[in-house]
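Trainee: Return a 3D structure for these sequence lines:
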Amino acid sequence: MNVIIANKYRDALANLDIEVIKKLEGEFTVDEIIETFKNFFFQKMILDITALKDYKNIKTLQQLSLSLDMDRVILLLDGSPETSDPEYLSDLISMRIYNFTMNVEGVKWLYEHPNSYRDVAQYHQLDTTHGTYVNPAVQPQAYQSFKQNTVICFKDITPGAGATTLIYIAKKQLARNYDVVAIEVDKHDFMYFDEDKMYSVSSNELGNTISKYGSSEVILIDGNTSGATEALANETIYLLEPSKIQLNKLLARDPKVLERNKNKKVVLNQCMLSNQDVSDFEYETGLSIFATIPPLNDQSVDNEALDKFLVKLGFYKQDVSSQVGNKKGLMGLFK
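Mentor: Now for the predicted structure:
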């Protein structure tokens, strides 16, 4: 069973799909936390750093590390200048605090894949990240600076919601004007598209593959079977096919699935619903729908129906009449 100590990130941590034996909310001194848990058995402790008074003082973490088994603690940092500072991170490692992250997706990853010293050793030396795999669960800011591109992950909520084919179509559309790479994780469906720059890798290879193609402007990831992909992406899109049979099958298998996806970027794929139908769908499911995508023709070289979705992701169509030498239907990227 697990323990959650939360303050600023209490709402985000409330959606973790783990069993919790004890939860504390608010701000606590390091002595209060130690006294509460020094003789308390738990599997993992998820500690929101803002729940710890005087957390920006590294000595507070040092005191905590002397009394608790930090191998069982996952530290959710707040991304402040103090806790993002390379020296602060290096000091954490010196205290054997290896499981720290700056987002809830990183918490999920570390819960199932705890770090060892080998995973974080590079953060004792943060001045040369280029050409080296950076663990995004540890320091996403350094990772984003390193890769200099946009990484978008797609996951199916309903089985067969179309992530693989959507990535193929989006990759072709964006590739007219961008250096785009597509990666699927733990499967080999891309081989049937016979398209270049589409790669199949294992979960263990994913980080290094993103590093390898870090010069690409856009990386699209089919991450349906991998828990690592969300932590590695700038953006994760969750695809749901809104047909009655798919939804009923999904809810029969997992009654809490809609609740877990309430705060995520949900897209209705292969969707023929009207605007009113979508509004009714949001009301009935409690989901906030980011976008809808109708069935697409995967043989087409230009799917206009996909443009609206790409615009919402930060891409846009320019007026080509004012762009000398640009291609028709130019897609630009806000950076």
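Trainee: Helices of the stretch 201-335 of the chain, start to end?
Mentor: Counting by DSSP state H, counting those that start in this stretch, the stretch 201-335 of the chain has helices at residues 203-212, 229-232, 244-253, 257-260, 275-285, 304-312.
Trainee: quick one: the strands in this structure?
Mentor: Assignment of strands within the chain using DSSP state E yields the ranges 2-6, 20-25, 45-48, 73-76, 100-101, 150-156, 180-185, 198-201, 218-222, 235-240, 266-269, 289-293, 315-317, 331-333.
Trainee: looking only at pLDDT, what's the mean for the last one?
Mentor: Looking back up the chat, that one is strand 331-333. Looking at strand 331-333 alone, the average pLDDT works out to 39.
Trainee: Any regions of the chain where pLDDT drops low?
Mentor: 118, 122, 124-149, 225, 227-228, 316-335 (pLDDT under 70).
Trainee: go with 80
Mentor: With pLDDT under 80 as the threshold, the chain has low-confidence stretches at 94, 117-149, 177, 204, 207, 224-232, 234, 301-302, 311, 314-335.
Trainee: Centre-most residue in it?
Mentor: Ranked by distance to the mean C-alpha position of the chain (C-alpha atoms, centre = their mean), the top residue is Glu230 at 2.7 Å.
Trainee: Count residues in the vicinity of the closest residue to that residue other than its chain neighbours, would you?
Mentor: Residue nearest to Glu230 in three dimensions, not counting chain neighbours: Glu105, with 4.2 Å by C-beta to C-beta, 6 or more residues apart in numbering. Glycine gets a C-beta too; all of them are placed from N, C-alpha and C. The criterion is other C-beta atoms under 10 Å. On that basis, Glu105 has 22 neighbouring residues.
Trainee: how close does Glu105 sit to Lys264?
Mentor: From Glu105 across to Lys264, the span is 10 Å (C-beta to C-beta, to the nearest Å).
Trainee: so how many other residues sit close to Ser216?
Mentor: Ser216 has 20 neighbours, counted by other C-beta under 10 Å.
Trainee: just Glu184 next, same as before
Mentor: The local packing of Glu184 (other C-beta under 10 Å) involves 26 other residues.
Trainee: dump the residue contacts of the closest residue in space to Asp91 that isn't next to it in sequence.
Mentor: Ranked by C-beta to C-beta, 6+ apart and with sequence neighbours excluded, the top spatial neighbour of Asp91 is Ile58, at 4.8 Å. Contacts for Ile58 were tallied using C-beta atoms under 8 Å, 6 or more residues apart in numbering; they are 88, 91-92.
Trainee: Adding distance to Thr292, write the helices of the stretch 201-335 of the chain out as JSON lines.
Mentor: Putting these into JSON lines (distance: least, C-beta to C-beta, whole Å) gives the following:
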{"stretch": "helix 203-212", "distance to Thr292": "29"}
{"stretch": "helix 229-232", "distance to Thr292": "22"}
{"stretch": "helix 244-253", "distance to Thr292": "15"}
{"stretch": "helix 257-260", "distance to Thr292": "17"}
{"stretch": "helix 275-285", "distance to Thr292": "6"}
{"stretch": "helix 304-312", "distance to Thr292": "8"}
